[in-house]
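K.L.:
Below: sequence and its predicted model.
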Amino acid sequence: MVMMYSKLKAHNMKEAELREIWRKEYCVKEIITFDRVAVKFYEDMFDHAFFESANRIKNDKSILSYNRLEKMLWIKDTLQDPDAILKKGWNKDKKEYYTDRRVAVVKGNYVVIIRFIGSLKAKFITAYEKNDIRNILSSPDFERSERFFG
């Protein structure tokens, strides 16, 4: 299956229009990954996914990111891409890998993170581009557990 990875022309759109695309494409529709995991999306996740911090120390999420917004549709494409690189998520507070988070990497540096909440069920966490992804690529491969894949 060849993934499309289409970009939106976010700079030409109002924030309300972009939020409506998010709602229609992700919150209303059922998104199923290439390996049959149903991923839930909620309208309030828009702010976390598409705003960036002016001050990384404060983590204020005050700037609407057109770079992230133009790749909004890539989230679904990434989740459905059987060729995505799948890694375990890192818990920076506990300094250990999560057992319930999956990081998918496509197109060299585009990252989508989901958290498993049950058997073949997950919740979207975030998506972004990362210039240096060596730390992600050096993480252990994601393993399909009995707990989340039955």
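P.N.:
Perfect, thanks for sending it. Numbering: from 1, shown residues only.

K.L.:
tell me which residues of stretch 108-120 are tucked away?
P.N.:
Buried residues in stretch 108-120, counted by 16 or more other CB atoms under 10 Å: Tyr110, Val111, Val112, Ile113, Ile114, Arg115, Phe116. Yep, even glycine has a C-beta here, placed from its N, CA and C like the rest.

K.L.:
can you list these in TSV and add distance to Tyr97 and secondary structure?
P.N.:
Listed next are these as TSV, based on distance: CB to CB, whole Å; DSSP: H, G, I helix; E, B strand; the rest coil:
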residue	distance to Tyr97	secondary structure
Tyr110	21	strand
Val111	15	strand
Val112	17	strand
Ile113	13	strand
Ile114	15	strand
Arg115	13	strand
Phe116	13	strand
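
K.L.:
was I right about Arg115 contacting Lys123?
P.N.:
Yes - counting by CB atoms under 8 Å, Lys123 is a contact partner of Arg115 at 5.2 Å.

K.L.:
coming back round to it: quick check: of the buried residues of stretch 108-120, which lies closest to Asp83?
P.N.:
Proximity of the buried residues of stretch 108-120 to Asp83 (CB to CB) peaks at Tyr110, which lies at 12.7 Å.

K.L.:
which residues does the closest one bridge with?
P.N.:
Here Tyr110 sits in beta bridges with Val106, Glu129, going by DSSP bridges.
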